[in-house]
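*Asks:* I would like the atomic coordinates for the input below:
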Amino acid sequence: MPDPDEAAAAARDEAEEASAFSHPAAPPDVTAAYGDHPDQIVDFYAPRDGSTAAPLVVALHGGAWRAPYDRVHLSPFCDFLARRGFAVANVEYRRGSSVPHQGVDGPVAGRWPETFDDVAAAFDALPALVAEHVPTADARRTVLTGHSAGGQLALWLAARHVLPADASWRTPAPPALRGVVALAPIADLALAEELGVCGGASGQLLGGERDLFDRRRPYADPAGLLPTGIATTLVQGRADTTVPFAVAEAYADAAAKAGEVVGVTFLEEVGHFPLIDPAADACAVVAEEIAQLAW
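*Replies:* Take a look at the predicted model:
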């Protein structure tokens, strides 16, 4: 006999995902390139209240680093933030792979090193792009946010200054950020792989083989890149079955062991997608967490 609790959880997940993806795409005010590849672009949303010194939210979409999922599904969330007085940069980056992986059913998660090349290049290009295309934004008040796989990338961007010394993405100083708000992030790649999060996406991101995973994880895993010295908050649904809350807890525990306090806002009876769904109460909580760091 089917487990009624599992059936209820599956029904809730389906309804939450349907709601999050029911909103029409929100067109940006302007799109700018940060490189030559078609995926190396950023959509900008100006603050809808006409603010002339709006905090900048840099948003990184999820989708398990897989090609079918692009920035468009995050556009209603970005428009939601713009209507709350933020300037928003919705970053696209290369995902998936043109090279099939043996044993992978469906799209491959991520490209190494292109996925990381792109988010680093985009972030480095943003000050000039913002000055040109969104003059009402105040880049001195920048908050990074990202959902799911994008949460991993947001945490990673905030930790580039603590990457191994031979990492090409390493920066000599911390990024100029007010903070990071990571939404149901895949924040501990080892635990995510152990739990089979998103069909083994973490392993695929790092190359699809165990030796590559072990070799590359110190360059990519937020849970190993601590402390950052950057104010960080995780927002996580307790009922999330896509990225279980244990992953957020593992990151917070790793931060504490490294001497850093990371805030974790757990939302009861909330799954994976309400965090980016403008129709959900959880999305308002996310906006408030961003505002607390930005202002």
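*Asks:* name the residues of the strand ranked longest in the chain that are buried.
*Replies:* Counting by DSSP state E, the longest strand found in the chain is strand 137-147. For strand 137-147, the neighbour count (16 or more other Cβ atoms under 10 Å) marks 137, 138, 139, 141, 142, 143, 144, 145, 146, 147 as buried. C-betas here are computed from N, CA, C, even on glycine.
*Asks:* go on, stretch 201-215?
*Replies:* For stretch 201-215, using 16+ other Cβ under 10 Å, the buried residues are 201, 202, 203, 204, 205, 206, 207, 208, 213.
*Asks:* dump the buried residues of strand 137-147 to TSV, plus pLDDT.
*Replies:* Compiled in TSV, the buried residues of strand 137-147 are given as follows (pLDDT from 0 to 100):
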residue	pLDDT
137	96
138	95
139	93
141	96
142	98
143	98
144	98
145	98
146	98
147	98
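*Asks:* closest to residue 39 among those residues?
*Replies:* residue 146 (16.2 Å; Cβ to Cβ).
*Asks:* if we ignore the residues flanking it in sequence, what's nearest residue 223?
*Replies:* Nearest non-adjacent residue to residue 223, counting by Cβ to Cβ, 6 or more residues apart in numbering: residue 188, 3.9 Å away.
*Asks:* residues in contact with that neighbour?
*Replies:* 221, 222, 223, 247, 250, 251, 254 (Cβ atoms under 8 Å, 6 or more residues apart in numbering).
*Asks:* next one: the third one from residue 9, what distance?
*Replies:* Counting by Cβ to Cβ, to the nearest Å, the gap between residue 223 and residue 9 amounts to 26 Å.
*Asks:* neighbour-wise, which of the two wins?
*Replies:* residue 223 (23 against 14; other Cβ atoms under 10 Å).
*Asks:* so what touches the helix or strand following the longest strand of the chain?
*Replies:* Sequence order places helix 149-157 as the next helix or strand after strand 137-147, per DSSP states H and E. Identification of contacts with helix 149-157 by Cβ under 8 Å, 6+ apart yields 58-65, 74, 93, 109-110, 115-116, 119-120, 123, 144-146, 175, 180-187, 189, 198, 201, 205, 220, 222, 225, 232, 234, 251.
*Asks:* show me how far helix 149-157 is from its chain's centre.
*Replies:* 5 Å (Cα atoms, centre = their mean, to the nearest Å).
*Asks:* quick check: mean pLDDT of it?
*Replies:* Across helix 149-157, pLDDT averages out at 98.
*Asks:* now for residue 189, how many residues are close by?
*Replies:* 24.
*Asks:* how about it, phi and psi?
*Replies:* phi -70, psi -30 (degrees, to the nearest 10).
*Asks:* just checking, it touches residue 225?
*Replies:* No - with contact defined as Cβ atoms under 8 Å, residue 189 does not count as touching residue 225 (10.7 Å).
*Asks:* residues that sit against both of those two, list them.
*Replies:* By Cβ under 8 Å, 6+ apart, no residue touches both residue 189 and residue 225.
*Asks:* restricting to C-alpha, output the worst-scoring helix or strand of the chain on mean pLDDT in CSV.
*Replies:* Using mean pLDDT, DSSP states H and E, helix 4-20 stands out as the lowest-scoring helix or strand of the chain, at a mean of 87. Taking Å, rounded to 0.1, in the frame of the first residue of the first chain, the C-alpha atoms of helix 4-20 are listed here in CSV:
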residue,chain,number,x,y,z
PRO,A,4,0.1,8.4,2.5
ASP,A,5,2.8,10.7,3.8
GLU,A,6,5.0,10.2,0.7
ALA,A,7,2.0,10.7,-1.6
ALA,A,8,1.1,13.9,0.2
ALA,A,9,4.7,15.1,-0.1
ALA,A,10,4.8,14.3,-3.8
ALA,A,11,1.6,16.1,-4.4
ARG,A,12,2.8,19.2,-2.5
ASP,A,13,6.1,19.2,-4.5
GLU,A,14,4.2,19.0,-7.8
ALA,A,15,1.9,21.8,-6.8
GLU,A,16,4.8,24.0,-5.6
GLU,A,17,6.7,23.4,-8.8
ALA,A,18,3.7,24.1,-11.0
SER,A,19,3.1,27.4,-9.2
ALA,A,20,6.7,28.5,-9.5
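*Asks:* that'll do, ta.
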